[in-house]
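[1] Give me coordinates for this.
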Amino acid sequence: MKRLLLGVMMLGLVNTASSQDAVKFDAKTIMLELQKQILAPMATTCVQMRTFEGNSLKRTFVFRRGYFYDGMKEKIFLDFVFPPELSRMKYFLVEDETGFREMELMWTMSQRRTRRIINATQAYLQASDYHLDDLLDRIGEEWEYSLVKKDGKFFTIEAKPRSKPKIYGRLIIRVEEIAPNIFVYNEITFYDKQGNLSKREKYFDFKHIWDIYYRPSWMIMESLDPDRKTRTELRFRRWQVRPIKEEDNFVFQDSYLGLEKDFPSKCSEKDFD
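    Numbering: from 1, shown residues only. Coordinates of the predicted model:
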C-alpha cells in the first residue's frame, strides 16, 4: 500500500505491552506497528540535502517538506528554498490506499504552470541517488516481510515486493528498540531488481515530537553501486507532527500549486548554519 519517504525518508515505532511481547512479534506485525508511527496525520520539516562525490560537495538543497495522511491517501509536498535557481520549485505526489499513484506534479517559477512528472520511479533528484519515488514510505501491503534475526534490541527484517518490483528487488531493514517498548528502524539496505546492492540509509539522533511519534535529526544515504560513488546527507529542522487541521485540506491539493504560494511552513538556509 505504501512505500517510505524520503521523503522523506521517515521512521517507525512499535508500541507494545512489554519488551517480552516484542520478542514474540513476527515481521509483519512489527511492520504494521511501524506503519502507525510513520503515517502520522500531518508532519512538516525543513530539510537540508547535501550530496558528495567522494569528499567533494556536489550539491546542496534546502526545502520544506509536508506530509499528509488521512487514512485513505498519502500526500507529499516539497517546496524548494535553496539554491536560488530552484527557489519555489514544488513537487506534489499523491497515492491512494492501494498504492496507486494518482498524481505526480511539479510547478516551477520559470514556467509558472503545473506539469505532470512522467516517470517519478526513475527520476533522480539532481546529483543524488534519491528517486522521487523514495519520497514515499516503503511499508504496507505491497511488501512481504520475514524476520531474519533478533540480537538484543535489534531486529533484522527482509522485505520483498509481492508483485513485479518497481525499483527495488528487496530491502533489509534494521529495527532498534530505542527505548523500552519503542522501536525505530535505523538502517535500510536496498537491492535493485537484479538483486545487486543499490544503497544504504542510516538514521541518527531521534527526537520525540508528539504523542507516539519519533523523528531523526539527520540521516546518511550511501550508494553501494560501483558506478555511482555518491553520499547524501540530510539534516532536519523544525519538525512538527500534529493532527490534520481544516486548512491542510486546502494546501494538499493540486490546485494549490498554481496559486504561486509557498508551502506554509518556515524553512530557511540559515536553519542549518
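
[2] Output the below-cut-off pLDDT ranges for this protein.
    Within the chain, the segments meeting pLDDT under 70 span 1-25, 98-99, 110-111, 117-141, 180-181.

[3] which other helices and strands contact the helix ranked longest in it?
    Scanning the chain for the helix with the most residues, using DSSP state H, yields helix 27-38. Counting contacts by 3 or more Cβ pairs under 8 Å, 6 or more residues apart in numbering; DSSP states H and E, helix 27-38 packs against strand 143-151, strand 154-161, strand 182-192. Placement of C-beta: from N, CA and C, glycine included.

[4] Tell me the strands beside the last one, with direction?
    On the basis of DSSP bridges, the sheet neighbours of strand 182-192 come out as strand 168-179 (antiparallel), strand 197-210 (antiparallel).

[5] quick one, the longest helix of the chain and strand 182-192 angle?
    Relative orientation of helix 27-38 versus strand 182-192 (axes from the mean of the first three to the mean of the last three Cα atoms, to 10 degrees): 110 degrees.

[6] who touches F263 in this structure?
    T44, R64, G66, F77, D79, K90, V251 (Cβ atoms under 8 Å, 6 or more residues apart in numbering).

[7] switch the cut-off to 6 Å
    R64, G66, F77, D79 (Cβ atoms under 6 Å, 6 or more residues apart in numbering).

[8] Doesn't the last one lie inside a helix?
    Think D79. No - counting by DSSP: H, G, I helix; E, B strand; the rest coil, D79 is not found in a helix; it is strand.

[9] and it, what are its bridge partners?
    R64, K90.

[10] ok, now how distant is the residue nearest to R174 when sequence neighbours are not counted from K202?
    Distances taken as Cβ to Cβ, 6 or more residues apart in numbering put E187 closest to R174, at 4.0 Å, once the chain neighbours are dropped. Separation of E187 from K202 (Cβ to Cβ, to the nearest Å): 5 Å.

[11] The stretch 1-150 of the chain: strands as residue ranges?
    42-53, 56-69, 73-82, 90-96, 101-108, 113-116, 143-151 (DSSP state E, counting those that start in this stretch).
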